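S.K.: Next one to model:
(one chain, ligands or ions: 1)
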Amino acid sequence: MTQPIDAATTQRLTAAIAAAMPTAQALFDDLAQNTRDTKGVTRAPYGDGEQYAYRLVQECATRLELQCTWDAAGNLYMTRPGTDSGARAILIGSHLDSVPNGGNYDGAAGVIAGLAVLEAFASAGLRHRADVTVMAIRSEEAGSWFTGDHGGHLGSRMALGLIGASELDAAVRLDSGKSLGTHIAECGFDPQRVKDGPAHLSADRVQSYFELHIEQGPVLEMKDLAVGVVNSIRGNSRLRDARCIGAYNHGGATPQEVRQDAVIATSDLIMRVQRQWEALHAAGKDLVFAFGKLSTDPQVHSLSKVPGETRFSLDIRSGSPQVLATMRACVIEQARLIEAERKVTFELGEFSLSEPTVLEQPLIDTLRTGCEALQLPVFEMASGGGHDAQEFTRAGIPSAMVFVRNANGSHVAEEAMEMSDFELGTRLLGWAVAAQANA
Ligand SMILES: [Zn+2]
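M.R.: So this is what the prediction gives:
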């Protein structure tokens, strides 16, 4: 149960968050300056940029008199102790690595927001029952850095005991040619202990995980909102290599009504999926899709032929498992109907499925209450990109996320977050953590 925070405390906290912004600004500036690359910033996991970021936030945490500890994988924990040492801790986390030539805010904003929250708790004289810990997470951008057989989100998965021992050897950083385990050891941490366990974090010691992150799409900009409450992280269902088979024939002599035109049949399928999206979107459901690859066969196709075959892919994404299931059923059903109507055959293959992560409803409710208390518009949205919060959810730790408006997309040098928006996001984060920490 979440204890409400009274108006006076809310006001004190708001002022203290504002007073913590110069520290946050200095951290962003320092990171931009000292991890910059030819374009944007580069903070390779366990590389120079990420290591610099760790030294920087640890120095800040020391100044703020937080207790700093590390786990065997090199994740850093910066803790303001609570009044009840038996209470399970609250984590505020995000990652300090970036993609190559990335932006300064993706990841770092969440760690810096956590430090601002703890600076504000101290200056506002806020007492909380549970420990509140800022976790600076390693290698969230593993997909951009590590080749080989690994499951991504390496830092959080190592902390949570969700990583397979083989991944430490199998994941090899593209630029260095060294394995994850070697990089961990070279930074002074203990890959063997990561493999052997036990996990550093578990649901019996951590009650909840909060993450502030820049929005990676344009939704908050489009809505003219500074802050969004994330309710889910999109999963996907995909057709990697589908085919529509009709019949090649003479493009002049074959009457239109008897043609088995694979391009028209595929287009028909695409538009039926589009209409299904329109219906679900109008009903407020979260859904995006793309037929990202679509082609006729250049060996056989011709200006003067009826096209007899297409190949295509389909990527459906949603924060809702039900919506993904509805869309899969729609594609299969409509393909069967088109087969009968247009005398073609669809070979769709099997849909792959990566389940969405549905974030914790009571924590979403706390964030919604926080928006109201702070007079911020309440807006819920799905996250299009993956985040460490997925892994915490998977490990049974209730998780929540706050998005902050960001221009020009993310994973690019041009990322642009306004500090005024960051302050509002941090205010909401601080409010929710304060509410949760006294619960
Ligand atoms: Zn990120």
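
S.K.: Low-confidence regions, this structure specifically.
M.R.: Scanning the chain for pLDDT under 70 picks out the ranges 1-3.

S.K.: How are the helices of it distributed by residue range?
M.R.: Ranges of helices in the chain, per DSSP state H, are 7-34, 48-63, 108-123, 142-145, 154-159, 167-170, 180-186, 191-196, 219-223, 262-282, 321-342, 361-373, 388-394, 419-437.

S.K.: Please tabulate those in TSV and include mean neighbour count and distance to residue 213 as additional columns.
M.R.: For the C-beta atoms, the positions are set from N, CA and C on the backbone; glycine is no exception. Output for the helices of the chain, formatted as TSV (neighbours: other Cβ atoms under 10 Å; distance: least, Cβ to Cβ, whole Å):
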stretch	mean neighbour count	distance to residue 213
helix 7-34	17	14
helix 48-63	19	16
helix 108-123	26	5
helix 142-145	20	16
helix 154-159	30	13
helix 167-170	20	24
helix 180-186	21	23
helix 191-196	17	25
helix 219-223	14	12
helix 262-282	17	24
helix 321-342	16	22
helix 361-373	19	13
helix 388-394	25	9
helix 419-437	24	9
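
S.K.: Quick one: closest of the ones you listed to residue 310.
M.R.: Minimum separation from residue 310 across the helices of the chain (Cβ to Cβ) falls at helix 262-282, 4.5 Å.

S.K.: Can you tell me which helices and strands the closest one packs against?
M.R.: If contacts are counted by 3 or more Cβ pairs under 8 Å, 6 or more residues apart in numbering; DSSP states H and E, helix 262-282 sits against strand 235-245, strand 309-318, helix 321-342.

S.K.: The longest one to strand 309-318, inter-axis angle?
M.R.: What it means is helix 321-342. Using axes from the mean of the first three to the mean of the last three Cα atoms, to 10 degrees, the direction of helix 321-342 lies 160 degrees away from that of strand 309-318.

S.K.: Show me what helix 321-342 is packed against.
M.R.: Helix 321-342 packs on strand 235-245, helix 262-282, strand 309-318, strand 345-347, going by 3+ Cβ pairs under 8 Å, 6+ apart.

S.K.: Take the helices and strands packed on helix 262-282 and write them to CSV, including distance to residue 384.
M.R.: Shown next, in CSV, are the helices and strands packed on helix 262-282 (distance: least, Cβ to Cβ, whole Å):
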stretch, distance to residue 384
strand 235-245, 10
strand 309-318, 7
helix 321-342, 14
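
S.K.: Can you pull the residues of the stretch 51-200 of the chain lying near the ion?
M.R.: Residues of the stretch 51-200 of the chain that fall close to the ion, judged by Cβ under 5 Å from the ion: 106-107.

S.K.: switch to 8 Å and redo it
M.R.: When proximity is defined as Cβ under 8 Å from the ion, the stretch 51-200 of the chain approaches the ion at 94-95, 106-107, 110, 140-141.

S.K.: For the residues you listed, which two are the farthest from each other?
M.R.: Maximum pairwise distance among those (Cβ to Cβ): 13.2 Å, between 110 and 141.

S.K.: Residue 181 and residue 169 touch, don't they?
M.R.: Yes. Assessed by Cβ atoms under 8 Å, residue 181 is found in contact with residue 169 at 5.8 Å.

S.K.: count of neighbours near residue 101?
M.R.: Residue 101 has 15 neighbours, counted by other Cβ atoms under 10 Å.

S.K.: Kindly report the same for residue 179.
M.R.: Counted with other Cβ under 10 Å, the neighbours of residue 179 add up to 19.
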